[in-house]
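K.L.:
Sequence and predicted structure, then a few things I'm wondering about:
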Amino acid sequence: MQFQIYTFDSEFNFVNKRDEEIEVEKIKEKYSWYPYKGELYSVEGISLNWNPGFALKLKKKRTTYKYDWLFLGYYKDVEVLDKVKPRTDEGDKYFAKA
């Protein structure tokens, strides 16, 4: 991937411009702000859905991120793997308070 690096002085006057070519895998090492984490990766997690008027609900989700080279960012696809409505030993529902 090719980068153009612009340098300015403390008064924002243009100093110089240089071109640099770096392999995509090494960009993240050199530039910490670059968001690339791979072409495709997934993350699993649990979300808590609650509303004071409704019973507590837990969702296990898998979020898959795919890199879009046109927009230089990720778009995501969320898949719900499991839903659980926790209950006490007596079978009562849990409710959350704000």
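P.N.:
In hand now; what should we look at?
K.L.:
Can you list the low-confidence ranges for this protein?
P.N.:
Scanning the chain for pLDDT under 70 picks out 1, 24-25, 27-37, 98.
K.L.:
domain ranges for it?
P.N.:
1-34, 35-98 (automatic domain parsing).
K.L.:
distance between stretch 11-18 and the chain's centre?
P.N.:
33 Å (C-alpha atoms, centre = their mean, to the nearest Å).
K.L.:
Only C-alpha atoms, please: export it in CSV.
P.N.:
Output in CSV follows, covering the C-alpha atoms of stretch 11-18 (Å, rounded to 0.1, in the frame of the first residue of the first chain):
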residue,chain,number,x,y,z
GLU,A,11,3.2,27.4,12.0
PHE,A,12,1.5,25.0,9.5
ASN,A,13,3.7,25.9,6.6
PHE,A,14,4.3,23.0,4.2
VAL,A,15,7.8,21.6,4.6
ASN,A,16,7.9,18.5,2.3
LYS,A,17,6.1,15.4,1.0
ARG,A,18,7.5,11.9,0.7
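K.L.:
and the nearest residue to Phe14 once chain neighbours are set aside, how many neighbours?
P.N.:
Distances taken as C-beta to C-beta, 6 or more residues apart in numbering place Phe8 nearest to Phe14, at 6.0 Å, with adjacent residues excluded. From N, CA and C alone the C-beta is placed, and that goes for glycine too. Phe8 has 10 neighbours, counted by other C-beta atoms under 10 Å.
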